[in-house]
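In: What follows is a protein structure lacking sequence information:
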C-alpha cells in the first residue's frame, strides 16, 4: 500500500512539473513615452510634462508657472546606477504683490506697550 501511495505521488509530481510552462516566454524590454499639458485660463494653471523610458533608464522634463510669475523647469533622469537626478531651473523674475494698508491699524497685540 505504501509503495502504491509513493508511486502515485511521484507520478503526480512529474506530471505537475512537466506541465509548468517555466520561463520560455519572450523577455519584454520596458519602453514608454508620454507627454501632456494643461493650459487653464480660468485657474491660471499652466504646466506640461514629458517622460520616456527605455530599459531601466528614465528621463523627463516638466514645467509649470509659479504663482509669483516665474516658470519652474525640472529636468530629471533615473537609472539603477545613479538613482534619481534632477536639475531645477527658474525662468523670469518673481513679482510680489505690494503691501496694502492694514485695516486693523498698528497694534502690539498686548506686547511692547511701554509700561
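Out: Ah, there it is. For clarity, every value in this text was computed on a predicted model and none was experimentally measured. Numbering: from 1, shown residues only.
In: Enumerate the helices of the chain by residue range, in sequence order.
Out: In the chain, the segments counted as helices under DSSP state H are 2-19.
In: What is the least confident helix or strand in it?
Out: helix 2-19 (a mean of 64; mean pLDDT, DSSP states H and E).
In: show me where pLDDT drops low in this protein?
Out: In the predicted model, the chain carries pLDDT under 70 at residues 1-11, 13, 15-25, 100-115.
In: Run through the strands of it in chain order.
Out: For the chain, applying DSSP state E gives strands covering 31-40, 45-54, 57-65, 71-79, 83-91.
In: Which strands and helices lie in contact with the last one?
Out: In this structure, strand 83-91 makes packing contacts with strand 71-79, judged by 3 or more C-beta pairs under 8 Å, 6 or more residues apart in numbering; DSSP states H and E. For every residue, glycine as well, the C-beta is placed using N, CA and C.
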